[in-house]
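**Student:** predicted model, plus sequence, below.
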Amino acid sequence: MMQIRRLDPDEWESFRGWYQARGDDLPPSDMAPLQSGYVAEDERGPVGVGFLILTNSKMALMEFMQTDHNRSEIDQARALTRLAHFIEDTAQKLGFRVILGFVPEDHDTLARFYFRQGAVRAKKLMRLFYKGLRGED
C-alpha cells in the first residue's frame, strides 16, 4: 500500500538519479522547501517525491514532483496520485484556495489526473495547471 511521509532532508541527494534519468537536475536543496517535502513509498521503498511550496497569498505551489523511473508505470502513477491528493489536502487545511503546479513533459499522468478533475491548462507548452481547492477557479 502506498503511504505518504515527510521527506527527511538527509535523503535529498538520494533522489538525484530520479531527476537525472528524466534529463533534469536535482533542484538545489535551498530551492526546495525540505520541511514540506513528501515521499510516497510502498513496502519496497520510495516511489515518488513532491513538494508543497507555501506563499503569502491564497495560492500554494505543488512542485518538483518526480518518480523512480525503475518502478512500473502503475507504481509511478499511484505515487503521483497519492502525493497530489496529500499535497492538495495539506494546502487546503492550511487555508489555501488554489494549487498551482508545473508538470514535467514526461509526467503527463499528473496533468491528465488534474485535467479530469476540472483543472485548467494555463499555458499549453509548459504543462502548467491550476485548480481551485474549494470549488473556486
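**Tutor:** Cool, got the structure. From a predicted model like this one, the values you see are computed outputs, not experimental measurements.

**Student:** so what secondary structure elements neighbour the lengthiest helix in the chain?
**Tutor:** Counting residues, the longest helix found in the chain (DSSP state H) is helix 73-93. On a contact count with 3 or more C-beta pairs under 8 Å, 6 or more residues apart in numbering; DSSP states H and E, helix 73-93 meets strand 3-6, strand 37-42, strand 45-53, strand 59-67, strand 98-102, helix 108-116. For glycine as for every other residue, the C-beta is placed from the backbone atoms N, C-alpha and C.

**Student:** got the contact list for it?
**Tutor:** The contact list for helix 73-93 (C-beta atoms under 8 Å, 6 or more residues apart in numbering) reads 2, 4, 36, 38, 40, 42, 47-52, 60, 62, 65, 67-69, 71, 99, 107, 109-110, 113-114, 131, 133-134.

**Student:** now that helix: average pLDDT?
**Tutor:** Mean per-residue pLDDT for helix 73-93: 92.

**Student:** before we move on, what about stretch 117-130?
**Tutor:** Mean per-residue pLDDT for stretch 117-130: 61.

**Student:** could the helices and strands packed on helix 73-93 go into JSON lines alongside mean neighbour count and distance to residue 90?
**Tutor:** Rendered in JSON lines, the data for the helices and strands packed on helix 73-93 read as follows (neighbours: other C-beta atoms under 10 Å; distance: least, C-beta to C-beta, whole Å):
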{"stretch": "strand 3-6", "mean neighbour count": "13", "distance to residue 90": "9"}
{"stretch": "strand 37-42", "mean neighbour count": "20", "distance to residue 90": "8"}
{"stretch": "strand 45-53", "mean neighbour count": "22", "distance to residue 90": "6"}
{"stretch": "strand 59-67", "mean neighbour count": "22", "distance to residue 90": "9"}
{"stretch": "strand 98-102", "mean neighbour count": "20", "distance to residue 90": "10"}
{"stretch": "helix 108-116", "mean neighbour count": "16", "distance to residue 90": "16"}
